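Make a model of this:
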Amino acid sequence: MQHEGQKTADKPARAPGKLMTGPGHAPGKPTARRLASLGLGIAVIAAFAALPTPDGLGFAGKMALSLLVAGLALWVLEPIPIAITALGLMVLMPAFGILDFGGVWAGFISTVIFFTIATFGLTAALLKTQVPIKMVSVLLRLTKGRPRLVVLAFMASAFLFSCFMSDLACTAMFAGIAMNSFLAIQKAQPGRSDLGKMIMIGVAYGSVIGGQAIPSGSSMNIMAMGMLAANTGIEISFLGWSMVCFPIAVLELLLAWLSLVVFFRPEAVSPCALEAIRKNAQEIRLNAFDWKVLCILFLVFSCWFASNWTGWDTTAIAVFALVLFFVPGLDILTWKEFNKAVAWNLIVLVGGVQSLAAGIREQGAASWLFNATIGKLAAGSGAMLAASAAFAPLLRMCIPVGPAFVALFLIPLTGMADSLGVSAAALAIIVGVNASTCFMLPIDNNTMLTHRGGFWKMADVVKAGIIPTIGLMVLHMSLLGPLVALAGY
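Predicted coordinates for the structure are as follows:
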């Protein structure tokens, strides 16, 4: 079990990158279909240009929204790589008077880019260790073979590691550990095993929820924090985000587990699997390499949490940790390993969306759109927070591209915060968390990573996602305001 589990831990560094970066020309898609998809994006822009300009919105603002809508269509259909789409939208902005080229390039670069690159390094380092399989083995042993607790053990493992690494890599790693070790020994049959179904869905949910808990868990957290600071001057610290979001994430994890328990009936754990769990927990020993990685991670997170008092820049700390991985004598990573682990397409996508968001902000387009929709429901601070918490998970299912979701909603939401007496930090957290979270969307990249074993069907994810989706709404409505106030925002 140890050998098989370790093999799975070596693979995800490449798998998530492939999923996120995408192929050069979408193999398997006929050229005609790709051209039709590209034509749809062009048609969206042309239609917006031909439509009358609404009151309160200029032509440039209207066209800024057209580029975002066209981008969403192209990012979902992917006739060309998502990074190339982002770059294409950037160079179109000056043509419609949205931004000049100086503003386009300036909008691309931010601390989000460098923090995200550094966290891919943290992910790659963890994937080289035995720490994840050791954690799973210890937690499984504590369950004493009770199937519902076995599910919780996998979810808790994914949750904890997703705080330190990308959601996709975390899901791929723990799904691989589950399939190639525990479920293989259990002889769980895809399509028939509710235990396998619960573990695979649970791993995806645990990874997503762990990504909410602290800033390093998701690039969307950092993007939301960065855009909030750029637009309002309000800076959420690493500790501040964690104080607010970690307790909510723990409760959300329990709700997601409860949902799986309510909807599915897991079979008993076989005696062979129980014996394998016992032996594996005893046999796995962390080596010198594992301890080097853990010591650096401990140093990094200590510095991040201490930045409230030291004033150290969290991005600089992350980049410094990345440098440490290459120091002679430590030799945690090689450049080849790091380069494979970084989803460069995601980096370009985030930068491109940030640039487009700068244009949307400059033209007041997002504020106009928000005031015409959700803003009409928000008559006061309580209504504003409640409407945002309730609608964000639903809107996220319609906008399956996290960076675009942040770009569209964060600026107008936080812009209205002062006038309605609600914390802009609370609204930024709602946007950031929902940008990386979608429980009821089976085609979400994170969830689809667990479908390769065939243990669940699309309807299973939709059904299991109802309780955690409603739970996220309620937790944000009830706890977010007091926790943000407690944290001083």
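
Quick one: residues in contact with stretch 224-242.
Outside of stretch 224-242, the residues that reach it under the criterion C-beta atoms under 8 Å, 6 or more residues apart in numbering are 110-112, 213-216, 221, 304-305, 307-308, 314, 354, 357, 361, 406-407, 410-411, 414-415, 417, 424-425, 428-429, 431-432, 435, 487-489. From N, CA and C alone the C-beta is placed, and that goes for glycine too.

out of these, which are buried?
Burial by neighbour count, judged by 16 or more other C-beta atoms under 10 Å, picks out 110-112, 213-216, 221, 304-305, 307, 314, 354, 357, 361, 406-407, 410-411, 414-415, 417, 424-425, 428-429, 431-432, 435, 487, 489 from these.

Identify those among these that sit within helices.
Taking DSSP state H, the ones among those that sit in helices are 111-112, 213, 221, 304-305, 307, 314, 354, 357, 361, 406-407, 410-411, 414-415, 417, 424-425, 428-429, 431-432, 435.

Would you tell me what the next helix or strand after the lengthiest helix in the chain is?
What stands out as the longest helix in the chain, according to DSSP H, is helix 238-263. Scanning forward in sequence from helix 238-263 by DSSP states H and E, the next helix or strand is helix 271-283.

Just checking the distance from that following helix to the centre of its chain.
A distance of 33 Å separates the C-alpha centroid of helix 271-283 from that of its chain, computed with C-alpha atoms, centre = their mean, to the nearest Å.

For it, list every residue counted as buried.
Neighbour-count burial for helix 271-283 flags Ala273, Leu274, Ala276, Ile277, Asn280, Ala281 (criterion: 16+ other C-beta under 10 Å).

Please report how far the second one lies from Leu140.
Which is Leu274. From Leu274 over to Leu140 the distance is 9 Å, taken as C-beta to C-beta, to the nearest Å.

Report the central residue of the protein.
Using C-alpha atoms, centre = their mean, the residue of the chain that lies closest to the mean C-alpha position is Ser436, 3.5 Å off.

and the strand or helix carrying Arg141, what does it pack onto?
Taking DSSP H and E as the criterion, the element that holds Arg141 is helix 131-143. With contacts defined as 3 or more C-beta pairs under 8 Å, 6 or more residues apart in numbering; DSSP states H and E, the packing partners of helix 131-143 are helix 2-10, helix 147-162, helix 167-177, helix 271-283, helix 288-310.

so which one among the buried residues of helix 271-283 has the lowest pLDDT?
Of all the buried residues of helix 271-283, Ala281 carries the smallest pLDDT score, 68.

And the contacts of stretch 143-157?
Among residues not part of stretch 143-157, those counted as contacts by C-beta under 8 Å, 6+ apart are 132, 135-136, 139-140, 142, 174, 178, 182, 195, 198-199, 202-203, 205-206, 253, 256-257, 260-261, 266-269, 273-274, 277.

swap in stretch 48-63?
Counting contacts by C-beta under 8 Å, 6+ apart, the residues touching stretch 48-63 from outside are Ile45, Leu65, Ser66, Val69, Phe96, Gly97, Ile98, Ile360, Gln363, Gly364, Ala365, Trp368.

Next up, the contacts around the third one.
Shown in contact with Ser66 (C-beta under 8 Å, 6+ apart): Val44, Ile45, Ala47, Phe48, Ala49.

What strand or helix carries it?
helix 59-77.

Trp297 - how many residues pack around it?
One correction, residue 297 is Leu, not Trp. Residues near Leu297, counting by other C-beta atoms under 10 Å, number 17.

got a list of what it touches?
Leu297 makes contact with Leu122, Ala125, Leu126, Phe164, Ala321, according to C-beta under 8 Å, 6+ apart.

cool, and Thr116?
With contacts taken as C-beta under 8 Å, 6+ apart, Thr116 has the following neighbours: Ser219, Ile222, Leu346, Ile347, Val350.

which of those tops the neighbour count?
Using other C-beta under 10 Å as the neighbour criterion, Ser219 leads the contacts of Thr116 with 30 neighbours.

before we move on, back to that, now the contacts of stretch 48-63: which count as buried?
With neighbours counted using 16+ other C-beta under 10 Å, the contacts of stretch 48-63 contain these buried positions: Ile45, Leu65, Ser66, Val69, Phe96, Ile98, Ile360, Gln363, Gly364, Ala365, Trp368.

what two of these are the furthest from one another?
Looking at the buried ones among the contacts of stretch 48-63 by C-beta to C-beta, the two members farthest from one another are Ile45 and Gly364, with 19.3 Å of separation.
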